[in-house]
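1. Everything below, folded, please.
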Amino acid sequence: MPSFSSCLNLVERWFGKLTEDALRRGNHCSIRELEAVIENYIAESNDDPKPFTWAKTADQILASVARRCQRMGRVHPIMMRTAEARHERR
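-> Next up, the predicted model:
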């Protein structure tokens with residue numbers, strides 16, 4: 001399995017969705033029962049697969065990161081590289 005961050009983010013998001021949809025607020029009395037719930041969720045997901053699509057563009061995400069860093073009084077490394085690249089093009 002690739003170890004780059006976008007792939008790992010998707011895996012993490014899938015486990016978050018599993019938790020929200022099938023596990024949270026559940027009452028599993030045994031490991032066998034928990035395994036059955038997880039296997040059922042996987043089977044149902046595979047029956048009607050839907051590709052994950054990003055809700056925001058890369059520019060929107062970067063702008064959000066920049067605003068958060070600005071509120072925290074920090075400059076995010078991506079923003080520094082972006083600013084440096086703009087400066088070099090001038």
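
2. From here on, just use CA atoms for contacts and neighbour counts.
-> OK.

3. any weak-confidence spans in this protein?
-> Low-confidence segments of the chain, defined by pLDDT under 70: 1-4, 75-90.

4. Can you give me the buried ones in the biggest helix by length in it?
-> Longest among the helix segments of the chain by residue count, using DSSP state H, is helix 31-47. Judged by neighbour count (16 or more other CA atoms under 10 Å), helix 31-47 contains these buried residues: Leu34, Val37, Ile38, Tyr41.

5. For those, could you give me a markdown table that also reports distance to Cys7?
-> Listed next are the buried residues of helix 31-47 as a markdown table, based on distance: CA to CA, whole Å:
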| residue | distance to Cys7 |
| --- | --- |
| Leu34 | 26 |
| Val37 | 25 |
| Ile38 | 21 |
| Tyr41 | 21 |
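
6. Among these, list the two that are farthest apart in space.
-> Spatial extent of the buried residues of helix 31-47 (CA to CA) is set by the pair Leu34 and Tyr41 at 10.7 Å.

7. quick revisit: so what does the longest helix of the chain touch, helix or strand wise?
-> Contact partners of helix 31-47 among helices and strands, from 3 or more CA pairs under 8 Å, 6 or more residues apart in numbering; DSSP states H and E: none.

8. and after it, which helix or strand comes next?
-> helix 58-72 (DSSP states H and E).

9. mind listing what's buried in that following helix?
-> In terms of neighbour count (16+ other CA under 10 Å), helix 58-72 has its buried residues at Leu62, Val65, Ala66.

10. Looking at those residues, spot the one nearest Gly16.
-> Distance to Gly16, by CA to CA, is smallest for Val65 among the buried residues of helix 58-72, at 21.5 Å.

11. Against Cys29, how distant is that closest one?
-> Per CA to CA, to the nearest Å, Val65 is found 42 Å from Cys29.
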